[in-house]
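K.L.:
Pasted the sequence and its predicted model underneath.
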Number of protein chains: 2
Amino acid sequence: MTNQSSYITMPKGYLAAGVHCGMKKDGKPDLALVVSECSASVAGVYTRNIVQGHSLRRTRRLVSEFGTCRGVLINSVSANACIGPVGEEDADRVAAEAARVIGVRPEEILTCSTGVIGKRLPVKKMTEGITELEKNLSASEEAAHSAMRAIMTTDLVPKEASAVVEINGNTVTISGMAKGSGMIHPDLATLIGIITTDADIDPSSLDTLLRDAVKYTINRVSVDGDTSVCDTILMMANGMSGQEIKSETDEYELFAQALESVARDLAQMIAADGEGATKLIEVRVEGAPSEEDALLIVRSICRSPLCKTAIFGEDANWGRILTAAGYSGASFNPDRADIYFGTLQVCKGGCALDFDEAEAKRILSESTVLIDVRLHSGSCADRMWTCDFSYDYVKINGSYRT
Amino acid sequence: MTNQSSYITMPKGYLAAGVHCGMKKDGKPDLALVVSECSASVAGVYTRNIVQGHSLRRTRRLVSEFGTCRGVLINSVSANACIGPVGEEDADRVAAEAARVIGVRPEEILTCSTGVIGKRLPVKKMTEGITELEKNLSASEEAAHSAMRAIMTTDLVPKEASAVVEINGNTVTISGMAKGSGMIHPDLATLIGIITTDADIDPSSLDTLLRDAVKYTINRVSVDGDTSVCDTILMMANGMSGQEIKSETDEYELFAQALESVARDLAQMIAADGEGATKLIEVRVEGAPSEEDALLIVRSICRSPLCKTAIFGEDANWGRILTAAGYSGASFNPDRADIYFGTLQVCKGGCALDFDEAEAKRILSESTVLIDVRLHSGSCADRMWTCDFSYDYVKINGSYRT
């Protein structure tokens, strides 16, 4: 169901472009526009940080007020946060300019900003960039990939995923793109994600679909435990496939599964491309007394610098995993806990096993490492993705702003 | 009041020794004994991790049951944790051996273990080491420093602090030693701390004094957010100064202040010697709506890898500090928040200030960096110490176990 080659304009009726407007010092694209050819339902999920960027606040207000939009303007380099009232005015100005060039109302253009906090948006440069964007707007794969590149900050690889489902003879497509590499922790990761679909979905159902889809996918990614001030995922549904998706129908279930697969693919790509990451780590917990306990434990392990540096060093230090579970605040009986790296059991009933160190080393040297914790203290489970903690994380973040 | 040259046998009636019994590969001391010449009141504070080491569990039980002891046997290299029932038997065996050689009852010798989880104590090696310890037991500064070195794991520097107070013409001395460098976060830090005094204090008052002393000192240290399974601080009071300390007296206040200064000195030494640390960071928050909010914010900032790598890189990225405060779970108005590095204000009312980058760089290049957050949202304050996050943290922790 999931496609290998994905791009944001795969669903019918979407155009995109990405250009360099002068914000990134290396000349790479830094301004993106994704547009629907007709009015689309829109839903959003946002950071729970109480500090929130101005572009985000504007978007949140418009999504809540209208539930529809025509496009999203996204810039990297500046987060447009902690600027004061002028921050929202700047977001209004660039949105109005984008609306003008494509011939829609200003409130139909949403805004996302990601990058450094405390720097104003360069409105003049962005205005010039918007003129370029309008010239480049296209449904082509190339234009869509340019938009993806324009929203990247410390990301090393673009993150695009899609799914196609046949519903009642109609082809319905969902496609997503996301940036996010550091300051990643639920809820949400420090990411900007845009998901498009040509299904016909009312704003309220779309909101539910999006929330459900991110819950066990993008909200289960941690790179460093930090949550940013501009995390936003927006989903647009323009109806151009002719297929309506109504709640409590078989179509809804099919669509929800496809959407979750897109969100899961993006989640894994974000974790695998975490700043400085050399490995994707999947942490599974089962047998927890409650769902809350299971979540506390996967979060605690995914957040632990000691667990993450051990995996970087390919050191089967399972004691740190049990330790992180133990201080997570979750309730469980540590004397029943089993821990596996992949299929290799290293701890049984809370006690050391005399395991094969060479086999452990082999498992930990893979590009994806599974940490599997079985608590035998209940019937609840959860899962989260993170990455290892390397020298490069420190390097990248020691000099990000300057 | 605080001494520059401190050692654990400074108070009257204490002996100590540290020897190499064969656990550390480099031949450095790995087994320590601290003994009081007479029975001493004892109090302890312990990790809140629900996974707890066997040596710790034994100590906790004995302190709770008797409230007095004659000595503490401490080993590094193995945490004696996650071994199963044999872990407590091993602790019993080595304690009994130490008790035998110094002629006291086994339950009068407490045990602390720190190091790798899941490795049994080498009882035979330790038994031989205990014979050596007995030969070396002395009140000398040299013997005390050997004991300090024996409890170090990844610590680069010994951590010893003391205070002397004159009370009613009696000289009362308090001295502490502690190890702890990684897996450091309240409550507690991953540390083993032993505090001795020659004051005469009943076990219940000693317990209160110790809890109060660590609350705003050792429980306000974070290196990496991880809390270990064997964190323990034990305090012994043998009365040999002849000065009794009773609650609700002026003497009690004097003593409590001196004890807190010892705990604060140890706390700062622990943070400054955090694994890979190049700087000590002090985070202060004032103007919080509640004490809980203030604590949530200092903890969140101290735990944030993004804040800690920025300080390592000497990058005045105050946005990450406001971000960490914002996702801490604390309630405050971000639009009133001011942030200073040292005396340099970088954020006013939640907004960027056009500050002097060169001056910021100079402040952040100092060996101690103050992050000062003034929320103007209430009247509560807190303070915590941490260190920066460097390449060496990753290096040290990527290959700790092997």
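P.N.:
Received, thanks.
K.L.:
Identify the single longest helix in chain A, thanks.
P.N.:
Among the segments of chain A that qualify as a helix by DSSP state H, the longest is helix A:250-272.
K.L.:
which residues make contact with the next helix or strand along the chain from that one from outside it?
P.N.:
Sequence order places strand A:280-288 as the next helix or strand after helix A:250-272, per DSSP states H and E. Outside of strand A:280-288, the residues that reach it under the criterion Cβ atoms under 8 Å, 6 or more residues apart in numbering or on different chains are A:268, A:271-272, A:294, A:297-298, A:301-302, A:308, A:311, A:325, A:330, A:332, A:336, A:367-388. Just so you know, the C-beta spots here come from the backbone N, C-alpha and C atoms, and that holds for glycine as well.
K.L.:
how does it look with 7 Å?
P.N.:
Among residues not part of strand A:280-288, those counted as contacts by Cβ atoms under 7 Å, 6 or more residues apart in numbering or on different chains are A:268, A:271-272, A:294, A:297-298, A:301-302, A:311, A:330, A:332, A:367-388.
K.L.:
Can you tell me which residue of the stretch 101-250 of chain A sits closest to chain B?
P.N.:
A:Ile117 (2.6 Å; Cβ to the nearest Cβ).
K.L.:
What is the neighbour count of A:Ala271?
P.N.:
Close neighbours of A:Ala271, defined as other Cβ atoms under 10 Å in any protein chain shown, add up to 28.
K.L.:
Might one say that it is in contact with A:Val221?
P.N.:
Yes: between A:Ala271 and A:Val221 there is a contact under Cβ atoms under 7 Å: 4.9 Å.
K.L.:
what residues are shared contacts of these two?
P.N.:
Shared between the contact lists of A:Ala271 and A:Val221 (criterion: Cβ under 7 Å, 6+ apart) are residues A:Trp385.
K.L.:
that older thread, which neighbouring elements make contact with the longest helix of chain A?
P.N.:
Using 3 or more Cβ pairs under 7 Å, 6 or more residues apart in numbering or on different chains; DSSP states H and E, the elements in contact with helix A:250-272 are strand A:159-167, strand A:170-179, helix A:203-215, strand A:280-288, strand A:380-387.
K.L.:
can you tell which of those is closest to B:Ser205?
P.N.:
Taking Cβ to Cβ, strand A:280-288 is the member of the helices and strands packed on helix A:250-272 nearest to B:Ser205, at 40.9 Å.
K.L.:
what kind of secondary structure is the residue of chain A positioned farthest from its centre in?
P.N.:
Computed with Cα atoms, centre = their mean, the maximum C-alpha offset from the centroid of chain A is found at A:Asp354, amounting to 39.0 Å. Secondary structure, DSSP: H, G, I helix; E, B strand; the rest coil: A:Asp354 is coil.
K.L.:
swap in A:Val104?
P.N.:
The local conformation at A:Val104, judged by three-state DSSP, is coil.
K.L.:
What sits closest to it if chain neighbours are left out?
P.N.:
In space, not counting the residues next to it along the chain, A:Val104 is nearest to A:Arg70; the distance is 4.5 Å by Cβ to Cβ, 6 or more residues apart in numbering or on different chains.
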